[in-house]
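Asker: Turn this into a model:
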Amino acid sequence: MAKELQFNTEQMNQYYEFTKNHDHEMRRISEDIRQLKDALFSGISSENRKFVDSITSAIGKLEAQRDANVFYHFKEVQSICNQEQKQRFSKIIKDALHKRGRKRP
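Answerer: Residues are numbered from 1 along each chain as shown. From the prediction side, this is the model:
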């Protein structure tokens, strides 16, 4: 993304800092989700509906947190863009969202 936006040195430094923090947080959330899913499926023989509901609810909250983190990360990146870069940024985001929604064969 930084390459496509043609960031200058100062913007690149900010971008790398934003990305480092974002990546760290996303890995933490993914690990928490993985642990919850492990717990969920380790109880596959359980008939306890509350157990399933509790864990899936916690997973849903973490998924929402992950989506919010992605949104705010992109907002941070956008904040360091100049006007021309903001226009390119909008196109990059729109294209990425459209590609993400497509199912692969």
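Asker: Output the lowest-mean-pLDDT helix or strand in the chain as CSV - backbone C-alpha positions only.
Answerer: Least confident helix or strand, the chain: helix 83-101 with a mean of 86, by mean pLDDT, DSSP states H and E. Presented in CSV, the C-alpha positions along helix 83-101 are these (Å, rounded to 0.1, in the frame of the first residue of the first chain):
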residue,chain,number,x,y,z
GLN,A,83,-4.9,14.9,-1.1
GLU,A,84,-3.7,13.1,-4.1
GLN,A,85,-2.7,10.0,-2.0
LYS,A,86,-6.1,10.1,-0.3
GLN,A,87,-7.8,9.7,-3.7
ARG,A,88,-5.6,6.7,-4.5
PHE,A,89,-6.1,5.4,-1.0
SER,A,90,-9.9,5.4,-1.5
LYS,A,91,-9.6,3.4,-4.7
ILE,A,92,-7.2,0.9,-3.1
ILE,A,93,-9.6,0.3,-0.2
LYS,A,94,-12.6,0.0,-2.5
ASP,A,95,-10.8,-2.5,-4.7
ALA,A,96,-9.6,-4.5,-1.8
LEU,A,97,-13.1,-4.7,-0.3
HIS,A,98,-14.6,-5.8,-3.6
LYS,A,99,-11.9,-8.5,-4.0
ARG,A,100,-12.3,-9.7,-0.5
GLY,A,101,-16.0,-10.3,-0.9
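Asker: Pull out the buried residues from that helix.
Answerer: For helix 83-101, burial by neighbour count (16 or more other C-beta atoms under 10 Å) applies to Q85, F89, I92. (Glycine included, C-beta is placed from N, CA and C.)
Asker: The helix or strand where D32 lies packs against which elements?
Answerer: Assessed by DSSP states H and E, D32 sits inside helix 9-42. Applying 3 or more C-beta pairs under 8 Å, 6 or more residues apart in numbering; DSSP states H and E, we find helix 9-42 packed against helix 2-5, helix 49-79.
Asker: Name the SS class of the most far-flung residue of the chain relative to its centre, please.
Answerer: Most distant from the centre of the chain: E47, at 32.9 Å, with distances by C-alpha atoms, centre = their mean. With DSSP: H, G, I helix; E, B strand; the rest coil as the basis, E47 sits in coil.
Asker: Thanks again, I'm all set now.
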